[in-house]
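S.K.: got a sequence here, can you model it:
(chains A and B)
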Amino acid sequence: MTWQPLRGRGEVVRDGSGESTAVVRLPFTLALEMPELEQETREEDLLDVPWQVVVHNDPVNLMSYVTMVFQKVFGFSPDRAEKHMLEVHREGRSIVWSGLRERAELYVQQLHGYLLLATIERAR
Amino acid sequence: MTGVPEITVQNAQRKVRLALAPLRQFAVDALQRCLALAEPAPSDLRTLEQVTLVLVSDRRMSALHAQFLQITGPTDVITFQHGDIFVSVETAAANARGFRTTTDHEVRLYLVHGLLHLHGFDDTTPAQARLMERTQQHLLRALTGVE
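M.R.: From the prediction side, this is the model:
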């Protein structure tokens, strides 16, 4: 995978004689470069696989309640909280957070406190 | 080959401002302290020539997440065995708000986490995770005075 550096916009500059010259002005900050990930880099080369917080569907909690809990625990916007709630409702589960294991466990504890069904799992 | 790898910091994002000079010094110090730890499993850190902390945006982290784990959305840190540690600074900032820390602290936490993984630590089982977390907190406290 190769990342392309950003390029500035071109503009036309006219000198005193009316001749025009195309000039490309780069943004003030240098073009961002990403290290090139070799095409051979594979999934097996991943050393640190994130943990995920998964919320599961249940027959008890109201949809509005689940949406409120997502906003409260994760600080989601109402739209994002509703998106995850609908995912739980329609698909049976939703990955609501990804990151370090100890944080994922903390979030699961908080969700259990709100009586939601939540687990942690490795990304693969 | 044994020795001390070179560690560099590449800022490949412009979403969040970070003070890079102190972060680069922290990276060097963190690497040295990691190498001083006894590794619980074979350490890649002892054989790598180069470790790179790459600071990215949520968008680029999401692309990595999708490419290598087929998962939608960003995460905080992804570490590769060849020594690249990718950190999403936007996620760091969001987690800082959620956990009442600072973005700088979060980035340092993820860097230490990635270095420990490279040094043979793992968090697959609860026992491994406890050891890794204790070591992580110990390192952060020693390097920053904050847990």
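S.K.: gap between stretch B:119-131 and the chain center?
M.R.: 15 Å (Cα atoms, centre = their mean, to the nearest Å).
S.K.: cool, stretch B:71-79 as well?
M.R.: 12 Å.
S.K.: need the CA coordinates for it. CSV is fine.
M.R.: Coordinates of the C-alpha atoms in stretch B:71-79 are reproduced here as CSV (Å, rounded to 0.1, in the frame of the first residue of the first chain):
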residue,chain,number,x,y,z
ILE,B,71,-13.2,-3.9,10.1
THR,B,72,-15.0,-0.6,9.5
GLY,B,73,-13.9,2.4,11.4
PRO,B,74,-10.7,3.6,13.2
THR,B,75,-8.9,2.3,16.2
ASP,B,76,-6.3,3.7,18.5
VAL,B,77,-3.1,1.8,17.6
ILE,B,78,-2.1,-0.9,15.2
THR,B,79,1.4,-2.5,15.5
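S.K.: list the buried residues for it?
M.R.: Of all the residues in stretch B:71-79, those buried under the rule 16 or more other Cβ atoms under 10 Å in any protein chain shown are B:71, B:74, B:75, B:76, B:77, B:78, B:79. For every residue, glycine as well, the C-beta is placed using N, CA and C.
S.K.: rank those residues by pLDDT and give me only the lowest.
M.R.: In terms of pLDDT, the lowest of these is residue B:71, showing 87.
S.K.: centroid residue for chain B?
M.R.: Ranked by distance to the mean C-alpha position of chain B (Cα atoms, centre = their mean), the top residue is residue B:111 at 2.0 Å.
S.K.: ok, it touching residue B:28?
M.R.: No. With contact defined as Cβ atoms under 8 Å, residue B:111 and residue B:28 do not form a contacting pair (11.0 Å).
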